[in-house]
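J.: The sequence isn't on hand, but the structure is:
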């Protein structure tokens with residue numbers, strides 16, 4: 001098979017256990033993509049989840065070659081269940097040239113956190129009964145990566161399906177009231193399709209139910225969001241900047257995720 005070539009962040013930056021044959025985490029084989037065939041699988045899964053039945057058969061962009069692609073397979077190793085695109089970022093990185101940096105000004109964050117991990121395009125198949133466990137395996141791998149590479153911050157864009165802001169009113173109002181980050185670290189608005197999170201009251205139960213599962217997991221790890229959202233018509237989503245400082249992850253949650261990793 002054709003080796004995968006990257007132009008900036010090589011697989012050598014990541015734990016060797018995940019860059020070779022991989023690990024079995026919580027019963028799921030997990031490893032980084034290493035060949036063009038692996039990347040094609042990831043891009044097809046992303047297409048199915050983000051683009052639907054469109055004309056293109058894969059979801060690709062210019063950031064793919066700059067990132068490592070984490071893959072979670074079914075227990076028998078035969079089917080790709082979930083994937084995420086990862087990029088290590090330091091204070092020497094031009095953060096405006098990252099995927100998230102297109103939409104949010106990250107300069108204040110990178111002055112505080114010397115080493116960060118951008119998580120993007122995280123998605124999973126729609127029809128697997130054990131997806132919560134597969135996603136837990138993916139987060140456990142991210143935890144392992146963070147520990148072994150000294151990552152201080154996890155960040156990225158967390159998406160709501162559908163670009164109509166009104167559709168997500170309850171959840172976005174709840175996020176503004178309860179989960180926006182510190183004023184000194186929140187990214188200022190720089191994108192023309194950015195809008196402030198709505199102010200007002202929201203039914204707590206309805207708001208929590210409307211949150212994407214991934215965002216609920218990040219908030220449960222001590223994460224926070226920006227005070228504004230950005231509409232992405234290409235993917236038909238509304239997204240918020242999301243950050244998790246690794247030092248604030250509840251110790252019990254961190255121990256549970258690390259216990260899934262056999263290293």
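T.: Here it is on my side, so go on. All of these numbers come straight from a predicted model, not from anything done at the bench.
J.: Can you tell me what sits against stretch 115-124?
T.: 45-46, 49-50, 59, 63, 67, 72, 81-90, 98-100, 109-110, 131, 134-135, 138, 142, 145-146, 149-157, 214 (C-beta atoms under 8 Å, 6 or more residues apart in numbering). In short, each C-beta sits where N, CA and C put it, glycine included.
J.: Provide a list of residues in contact with residue 138.
T.: Per C-beta under 8 Å, 6+ apart, neighbours of residue 138: 30, 70, 72, 82, 84, 122.
J.: ok, back up a step: out of the contacts of stretch 115-124, list just those in helices.
T.: 45-46, 109-110, 131, 134-135, 138, 142, 145-146, 149, 214 (DSSP state H).
J.: Residue 216: neighbour count?
T.: 14 (other C-beta atoms under 10 Å).
J.: Can I have the buried ones of the ones in helices among the contacts of stretch 115-124 as a ChimeraX selection?
T.: This is the ChimeraX syntax for the buried subset of these, where burial follows 16 or more other C-beta atoms under 10 Å:
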select :45,46,109,110,131,134,135,138,142,145,146,214
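J.: Would you mind stating the distance between the nearest residue to residue 169 once chain neighbours are set aside and residue 221?
T.: In space, and not counting its chain neighbours, residue 169 is closest to residue 198: 5.9 Å by C-beta to C-beta, 6 or more residues apart in numbering. Going from residue 198 to residue 221 by C-beta to C-beta, to the nearest Å gives 25 Å.
J.: Now for residue 194: which residues touch it?
T.: 103, 228, 229, 230.
J.: so which of those residues is the most crowded?
T.: Most surrounded of the contacts of residue 194: other C-beta under 10 Å gives residue 229, at 29 neighbours.
J.: Name the SS class of that residue, please.
T.: strand (DSSP: H, G, I helix; E, B strand; the rest coil).
J.: quick one, helices of the stretch 101-250 of the chain?
T.: 107-112, 131-149, 169-178, 204-210, 213-220 (DSSP state H, counting those that start in this stretch).
J.: To residue 185, which of the ones you listed lies closest?
T.: helix 107-112 (5.6 Å; C-beta to C-beta).
J.: quick revisit: ranking the helices of the stretch 101-250 of the chain by mean pLDDT, which is last?
T.: If you rank the helices of the stretch 101-250 of the chain by mean pLDDT, helix 204-210 sits at the bottom with a mean of 86.
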